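Asker: I would like to see how this sequence folds:
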Amino acid sequence: MTTSRAVVIGSGIGGLTAAAALHRSGWQVTVLERAASLEPVGAGISLAPNSQRALDVIGLGDEVRSLAAWQGDGGMRTPSGRRLARTDSNAAAERFGGPLVLLHRSVLVDLLRSRLPEDAVRTGTPARLVDPGRAGGSPALVRTDAGDIEADLVIGADGIGSAVRTALFPRHPGPSYSGFTTWRVLAPGLGRAFSPHETWGRGELWGSHPLKDGGIYAYAAALAPAGARAADDEKAELVRRYGDWHDPIPAVIAAVEPDQILRHDVYHLTDPLPAFHRGRTVLVGDAAHAMGPFLGQGGNQAIEDAVVLAHHLTPDGDLGAGVAAYSAARHPRTTAMVRKAAQVSRMVGLTGAPAVALRNGLMSAVSRLGPGLVLRTFDGICDWRPPQRTYAAGTRGGQRTRP
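Answerer: The predicted structure is shown next:
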């Protein structure tokens with residue numbers, strides 16, 4: 001067995017970023033993916049300055065920014081179109097050292113895959129953690145249909161329903177249903193410009209954002225029983241829920257093909273794990289800290305995980321100390337993020353007229369006092385910097401020097 005072999009179970013954003021970061025630092029990496037291809041589940045992904053800085057560490061930040069749409073000024077609205085709050089993209093970039101960008105999830109997957117050797121990713125390969133190994137002792141053991149694989153390090157990146165997490169912490173209750181279901185869609189351009197927006201109703205929200213190729217990424221969330229699905233099709237369900245909301249929401253729904261609508265219930269790990277490691281095995285992304293989408297930080301935190309993990313683990317270093325340092329660095333931050341996302345979800349989930357009116361009034365009042373107060377809610381999130389000191393091209397001291 002090579003002394004620097006890492007096996008990643010799962011090829012989502014967190015798993016591929018971890019594989020790319022570890023490969024870059026000298027590990028021999030194998031990614032095992034149950035699905036037959038790397039066709040990503042999901043339509044678009046927003047990358048905040050914190051995850052872009054993490055991608056800078058592995059040499060992908062500038063390429064991502066060049067392929068992504070930089071999100072311009074927008075705001076929050078009510079279903080009638082009344083503006084609740086304005087977002088100032090320049091103020092956000094100045095405060096957090098860069099812009100919020102949006103791109104197709106498939107583009108990010110392809111970029112991450114391109115940083116790995118051709119034979120590093122094995123699709124159509126279900127894998128099961130048999131033994132997490134012992135740091136300083138026996139290797140970890142992963143079982144596949146083609147045989148067992150011994151590894152110095154195993155990364156569980158197998159998502160919300162993580163079997164690796166269950167193997168490490170069998171007594172943990174696992175994720176719970178948040179009360180929300182979500183839809184994600186990619187729609188063709190409408191032939192006219194519009195500002196990005198997020199619209200909050202009573203227990204429902206909708207967001208529309210332009211992509212660089214002229215298309216539209218839109219998402220919606222609503223309170224619903226777990227497992228509920230439309231009696232006819234999900235496009236009809238979107239029309240029923242959002243068809244009378246402000247422009248351009250009805251036009252976006254009309255432009256979507258029914259079979260291109262993704263719907264998923266939202267589960268989150270509000271009961272935190274005791275740690276993100278055991279033996280020679282670690283967890284990243286949703287497997288470690290599944291959170292609701294209401295901060296837009298799920299994928300961003302997975303990318304942070306991957307880069308911090310690679311920082312603490314060198315092929316010839318003390319693996320036990322490295323995995324413990326990774327867990328200590330990531331556990332408090334992501335636990336706080338899960339809780340903050342849950343707090344925002346409770347605000348979105350308000351349904352009573354008085355409570356919704358109070359919420360909307362507070363949003364409007366804060367917005368009128370200036371963008372700084374609105375942006376302050378993302379202090380400690382978007383201003384995070386990776387352990388490595390690295391700056392992207394076109395920056396000085398981590399600040400973007402051109403729009």
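
Asker: what's near enough to touch Arg330?
Answerer: 276, 288-289, 304-305, 308 (C-beta atoms under 8 Å, 6 or more residues apart in numbering). Any C-beta I mention is one placed from the backbone N, CA and C, and that applies to glycine too.

Asker: so where does the residue nearest to Val366 when sequence neighbours are not counted fall, helix or strand?
Answerer: What sits nearest to Val366 in space, not counting adjacent residues and going by C-beta to C-beta, 6 or more residues apart in numbering, is Leu373, at 5.1 Å. Secondary structure assigned from DSSP states H and E places Leu373 in helix 371-375.

Asker: Can you spell out which helices and strands pack onto that helix?
Answerer: Applying 3 or more C-beta pairs under 8 Å, 6 or more residues apart in numbering; DSSP states H and E, one finds that helix 371-375 makes contact with strand 83-87, helix 89-96, helix 353-368.

Asker: TSV please, covering the ones you listed and showing distance to Ala228, mean pLDDT and mean neighbour count.
Answerer: Below are the helices and strands packed on helix 371-375 laid out as TSV (distance: least, C-beta to C-beta, whole Å; pLDDT from 0 to 100; neighbours: other C-beta atoms under 10 Å):
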stretch	distance to Ala228	mean pLDDT	mean neighbour count
strand 83-87	28	89	19
helix 89-96	36	90	18
helix 353-368	22	93	14
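
Asker: Turn those into TSV, columns for distance to Tyr326.
Answerer: What follows is these, written out as TSV (distance: least, C-beta to C-beta, whole Å):
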stretch	distance to Tyr326
strand 83-87	33
helix 89-96	24
helix 353-368	36
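
Asker: Nearest approach to Thr30 belongs to which of those?
Answerer: helix 89-96 (35.5 Å; C-beta to C-beta).

Asker: Per-residue confidence at Gly14, what does it come out as?
Answerer: pLDDT, Gly14: 98.

Asker: From the contact counts, what lies against the helix or strand harbouring it?
Answerer: Here Gly14 sits within helix 13-24, counting by DSSP H and E. Helices and strands touching helix 13-24, by 3+ C-beta pairs under 8 Å, 6+ apart, are strand 5-9, strand 28-32, helix 49-57, helix 105-114, strand 153-156, helix 298-312.

Asker: Run the angle between that helix and helix 298-312 for me.
Answerer: In terms of direction (axes from the mean of the first three to the mean of the last three C-alpha atoms, to 10 degrees), helix 13-24 departs from helix 298-312 by 20 degrees.

Asker: So what touches helix 13-24?
Answerer: Contacts of helix 13-24 (C-beta under 8 Å, 6+ apart): 6, 8-9, 29, 31, 45, 54-55, 57-60, 105, 108-109, 112-113, 115-117, 120-121, 153, 155, 157-158, 284-287, 299, 302-303, 305-307, 309-310, 313.

Asker: Mean neighbour count, the helices and strands packed on helix 13-24: which tops it?
Answerer: Most buried of these by mean neighbour count (mean count of other C-beta atoms under 10 Å) is strand 153-156; its value is a mean of 30.

Asker: Restricting to C-alpha, output that strand in CSV.
Answerer: Below are the C-alpha coordinates for strand 153-156, written out as CSV (Å, rounded to 0.1, in the frame of the first residue of the first chain):
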residue,chain,number,x,y,z
LEU,A,153,-7.2,8.5,4.3
VAL,A,154,-10.9,8.2,3.4
ILE,A,155,-13.0,11.3,2.7
GLY,A,156,-16.8,10.8,3.2
